[in-house]
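A.B. asks: Here is a sequence together with a model predicted from it:
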Amino acid sequence: MFTYIHQSSAKLIIFLIYLGFLTACNASTAKHLQDYKQAKIILPSGEEVKVYIAETMRQQRKGLSGIRPEDFSKKEGMLFPEKQMFVRQFWMPETYFDLDLIFMNADYYVLEIHRGLKHYPHKPDRGKTPFSKKVFSQHVLELRADSPLAKKIKPGMVLRIKSN
């Protein structure tokens, strides 16, 4: 009897530790996104995408790295704004879902889209980590590739941004 209780208690303790670890990981992920300003990108149809704005160099380097699909909805995105146009290219280390990258000019006119950039859940490796195409643009919006809103965005559209 004592052995059974002891084994059950050990299993319960291990489960609780595991549950605490998962909660801490999710809290860390949520904390990562809480550091970003938020806004909304509005499609011509009026549909809205909640965006996290990667303003600083540190935020832009981190981007969506480490974010799990269950922590990032299909109606969310990350905006990488810049002050001027230049050749932009993104790579996807430590990502857990494929992305659509929407390249825009200063007026949020969609210049080009890179659809279905493959995720890469490992540390950066120049030989293996997927890179986006290079596009002369100012702003870049990343959306989950499986987002129905991402599929509605086409080159030539003008998106609007609305601060929260």
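C.D. replies: Right, received. Where do you want to start?

A.B. asks: Just checking, which helix or strand succeeds the worst-scoring helix or strand of the chain on mean pLDDT along the chain?
C.D. replies: Scoring the helices and strands of the chain by mean pLDDT, DSSP states H and E places helix 2-34 at the bottom, with a mean of 48. Next helix or strand after helix 2-34 toward the C-terminus (DSSP states H and E): strand 37-42.

A.B. asks: which helices and strands does that next one pack with?
C.D. replies: Applying 3 or more C-beta pairs under 8 Å, 6 or more residues apart in numbering; DSSP states H and E, one finds that strand 37-42 makes contact with strand 48-53, strand 76-80, strand 160-163. Backbone N, C-alpha and C define where each C-beta goes, glycine included.

A.B. asks: now the end-to-end length of stretch 54-71.
C.D. replies: 17 Å (C-alpha to C-alpha, to the nearest Å).

A.B. asks: let me redo that: stretch 101-121
C.D. replies: Stretch 101-121 has an end-to-end distance of 18 Å (C-alpha to C-alpha).

A.B. asks: again, but for stretch 111-130
C.D. replies: Stretch 111-130 has an end-to-end distance of 21 Å (C-alpha to C-alpha).

A.B. asks: What of stretch 75-85?
C.D. replies: Criterion C-alpha to C-alpha; first-to-last residue distance in stretch 75-85 is 26 Å.

A.B. asks: Over to stretch 34-45?
C.D. replies: Across stretch 34-45, first to last residue, C-alpha to C-alpha, it's 28 Å.

A.B. asks: Closest to the centroid, which residue in this protein?
C.D. replies: By C-alpha atoms, centre = their mean, the chain has its centre lying nearest to Leu64, at 3.7 Å.

A.B. asks: That one reaches Phe72, doesn't it?
C.D. replies: Yes. With contact defined as C-beta atoms under 8 Å, Leu64 counts as touching Phe72 (7.0 Å).
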